[in-house]
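J.: This is a predicted model, with the sequence first.
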Amino acid sequence: MADMKLPTRSEDFSEWYNQLVLRAELADYAPVRGCMIVRPYGWALWENITAALDRRFKATGHVNAAFPLLIPRSFIEKEKSHVAGFSPELAVVTHGGGEKLEEPLVIRPTSETIIGHAYAKWIQSYRDLPVLINQWNSVVRWELRTKLFLRTLEFFWQEGHTAHATAEEAETETRQMLDVYTDFARNEAAIPVIPGRKSAAERFAGANETYSIEAMMGDGKALQAGTSHNLGQNFAKAFEIQYLDKGGVLQFCWTTSWGLSTRFVGAIIMVHGDDQGLILPPRLAPYQLAIVPIFKTDEEKATVLENARRLRRELADAGVRVKMDEREGISPGFKFNDWEMRGVPLRLELGPKDVAKGSVVLARRDRPGKEGKAFVAQQGIAAAVTEHLAEIQQALFDRALEFRKSHTADAENYEEFKKAVESGFAFSWWCGSGDCEAKIKEETRATMRCIPIEQPGGSGKCVYCGNQASEKAIFAKAY
RNA sequence: CGGGGCGUAGCGCAGCCUGGUAGCGCGCCUGCCUUGGGCGCAGGAGGUCUGGAGUUCAAAUCUCCACGCCCCGACCA
């Protein structure tokens, strides 16, 4: 750690991100290019994400299972747009047990095919439907350009795969999971995402319709933070997932898939972080509060630590995730900076003066310096902390929403549009033509992020071609 | 895959141009001292200079060939 300070976000956002991930000990580079070691602090954050999502999946009737890592290559080839989309980024196993394999095996880039194969065996009757399965796993996609959490060769995620009797049911499921992701992002991660529909060009390989939640990062760029696909009958037909309906007629199922990955950790970093480091939303933070004891003499140490431990227990009993920093030989000032860099939402400082007064200092991570510090009585500390955490959670959301709003322009013409996508989102009328979309991308490097579910109504002129348009879309440079 | 940058101690770098067998800061270890915003002092450990081949009496340094990583583009959760 030659340099104690991070690069600032304004001077080099990318470098700020890279260094922060390493310094906060979220992740490290692996020996293989593009692969990532998720360190305990990063994994703890991911575990809180998975717990919050898994709760929601179970609450909407889904169950977990585990499908294999290796897939026969022929499976990938069964759905033609799927193979076209994924072929360039497949890792293929050609040898096993020292022998060349008869048929190469693909390391799953996603599991629609192998799950489709299983569903074809399991589903016979309308009575077997719907099938609502999720799995937590990792997948491999041979990406050309990688970045910790945002795009790694192997990434961790969940992939939900469901099969339904009707098109309507599948669409309802697809939209329900989009809502689940939206709710999770907003209420757990304090990220004001925009749920919407993807254009044909941005659609998942093999989907009829792709929905996503889009978030704005601290540099104004967009990040797709979760996706939900309506696969229609494409995979059902490729894998012969069929059932007999009530009338005894053989029908193809309607399937969906939806996923959210460790990329979301990157979103949390880039949405909330500041020049001091991470700011983690309290509901997901591995540690919600760090206690820094302060003392000089041995007597002070004894009383302060005794008091600090009592507070820790009280807070832990109230359900607060507490980290007690008892590291020796490190100054309090160092610890303050350290926990700020690591994004702990609340810090509790406790010195001899506080012990004498029966109070503590609470410092809010989202308000740097003295402004964020307050003396709080030890009496009723748990309630005070819980309240502070809730306030911080809300403040982070409000701030992110304000940032997004102030970096989003309702661009009416192409000049405004070009200016808007330099620093944020353009929300503009779009005729829906792939040509306009492609030309915009070519000329501005901004892509169609989504057509938000929430529309102003009415109609306007396409920001590129000027033709009549009935929907407005978000365009932005994206990760 | 195109363009750029870089591989020297755990991390960040200097040394290379002009060959002479390796240094600085941080971190780490020990001791003392300190602790309310990134303490200080003293002592110490730690390096096949990415790999290979070549030139030379002599290569971190010059030449060639590999490999790896990072950044910027095209592709993507």
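T.: Looks like it arrived, so ask away. Numbering: from 1, shown residues only, chains lettered A, B, ... in the order given.
J.: Going by C-alpha atoms from here, please, whenever you check contacts or count neighbours.
T.: Noted.
J.: What's the mean pLDDT across the helix ranked longest in chain A?
T.: Taking DSSP state H as the criterion, chain A has its longest helix at helix A:381-406. For helix A:381-406, mean pLDDT is 98.
J.: Repeat that for stretch A:241-251.
T.: 97.
J.: for stretch A:147-155, same thing?
T.: So the average pLDDT for stretch A:147-155 ends up being 89.
J.: Then stretch A:159-172?
T.: The predicted model gives stretch A:159-172 an average pLDDT of 98.
J.: ok, residues contacting it?
T.: A:110-112, A:115, A:119, A:126, A:129-137, A:230, A:232, A:252-260 (C-alpha atoms under 8 Å, 6 or more residues apart in numbering).
J.: filter the residues you listed by proximity to RNA strand B?
T.: Restricting the contacts of stretch A:159-172 to those near RNA strand B by C-alpha under 7 Å from any atom of the strand leaves A:Leu260.
J.: Quick check: beta-bridge partners of A:Val360?
T.: Assessed by DSSP bridges, A:Val360 has beta-bridge partners A:Val376.
J.: For the longest helix of chain A, name the packing helices and strands.
T.: helix A:263-272, helix A:298-317 (3 or more C-alpha pairs under 8 Å, 6 or more residues apart in numbering; DSSP states H and E).
J.: how many neighbours does the closest residue in space to A:Ile49 that isn't next to it in sequence have?
T.: Nearest residue to A:Ile49 in three dimensions, chain neighbours excluded: A:Leu284, at 6.5 Å (C-alpha to C-alpha, 6 or more residues apart in numbering). If you count neighbours by other C-alpha atoms under 10 Å, A:Leu284 ends up with 22.
J.: Can you name the residue of chain A nearest to RNA strand B?
T.: A:Arg33 (2.4 Å; C-alpha to the nearest atom of the strand).
J.: tell me the SS of that residue?
T.: What DSSP: H, G, I helix; E, B strand; the rest coil gives for A:Arg33 is coil.
J.: same check, this time on A:Gln251
T.: Taking three-state DSSP, the label given to A:Gln251 is strand.
J.: quick one: contacts for it?
T.: A:Gln242, A:Tyr243, A:Leu244, A:Asp245.
J.: Test my guess that the second one contacts A:Gln124.
T.: Yes. If you go by C-alpha atoms under 8 Å, A:Tyr243 and A:Gln124 touch, sitting 4.6 Å apart.
J.: more neighbours, the two?
T.: A:Tyr243 (23 against 17).
J.: Now find how far off-centre the helix or strand hosting A:Trp157 is within its chain.
T.: Secondary structure from DSSP states H and E places A:Trp157 in strand A:154-164. Its chain's C-alpha centre and that of strand A:154-164 lie 14 Å apart, by C-alpha atoms, centre = their mean, to the nearest Å.
J.: Equivalent analysis for stretch A:161-177, please.
T.: For stretch A:161-177, the distance to the chain centre is 22 Å (C-alpha atoms, centre = their mean).
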